[in-house]
Each structure stands twice: as structure tokens, then as C-alpha cells.
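Colleague: Sequence and computational prediction follow.
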Amino acid sequence: TYKAFLSLAKYGSLVCAAILLAMAFGFFAGGFFSATILFIVIMAAGYFILR
């Protein structure tokens with residue numbers, strides 16, 4: 001169960017950070033579609049980094 005908790009905390013933090021960065025990018029620079037693409041890119045990169 002501790003391993004599941006660590007995994008949930010790790011990937012939950014990744015999701016929160018990716019949403020935060022994508023929302024900031026969407027509000028200030030790019031728009032909805034660019035922010036969605038950025039979110040997907042951050043999630044993919046974060047998955048490979050945290051794996």
C-alpha cells in the first residue's frame with residue numbers, strides 16, 4: 001500500500017503541475033488548443049522522467 005501511495009503522490013503531483021502550466025499558457029499566450037497540446041506533452045515527458 002505504501003508503494004501505491006508513493007505512485008499516487010508522484011503522478012498526482014505531475015497532473016497538478018501539468019494542469020497549472022497548461023492553464024497559465026492558455027490564459028496568457030496560446031489558447032485552448034495549444035494549452036491542451038502542451039498538457040499532453042508535459043504529461044508524456046513527466047511520465048518518462050518519473051518512470
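Modeller: Everything's here; your move.
Colleague: Give me the nearest residue to the residue nearest the centre of the chain, chain neighbours excluded.
Modeller: Against the mean C-alpha coordinate of the chain, by C-alpha atoms, centre = their mean, the closest residue is residue 18 at 2.5 Å. By the measure of C-beta to C-beta, 6 or more residues apart in numbering, the closest residue to residue 18 outside its immediate chain neighbours is residue 42, 4.1 Å from it. Bear in mind the C-beta positions are built from the backbone N, C-alpha and C, glycine included.
Colleague: tell me what the one helix or strand that neighbour maps to is packed against?
Modeller: Using DSSP states H and E, residue 42 sits in helix 32-50. In this structure, helix 32-50 packs against helix 2-28, with contacts taken as 3 or more C-beta pairs under 8 Å, 6 or more residues apart in numbering; DSSP states H and E.
Colleague: still on that earlier bit, give me the pLDDT for the residue nearest to residue 18.
Modeller: Listed pLDDT for residue 42 reads 97.
Colleague: And it, how far from residue 30?
Modeller: Distance, residue 42 to residue 30, using C-beta to C-beta, to the nearest Å: 13 Å.
Colleague: likewise residue 20?
Modeller: For residue 20, the distance to residue 30 - C-beta to C-beta - is 15 Å.
Colleague: Compare neighbour counts for these two and give me the winner.
Modeller: residue 30 (15 against 11; other C-beta atoms under 10 Å).
Colleague: and the closest residue to that one other than its chain neighbours, how many neighbours?
Modeller: Spatially, and ignoring its direct neighbours in sequence, residue 30 is nearest to residue 38 (7.2 Å; C-beta to C-beta, 6+ apart). Neighbour count of residue 38, defined by other C-beta under 10 Å: 19.
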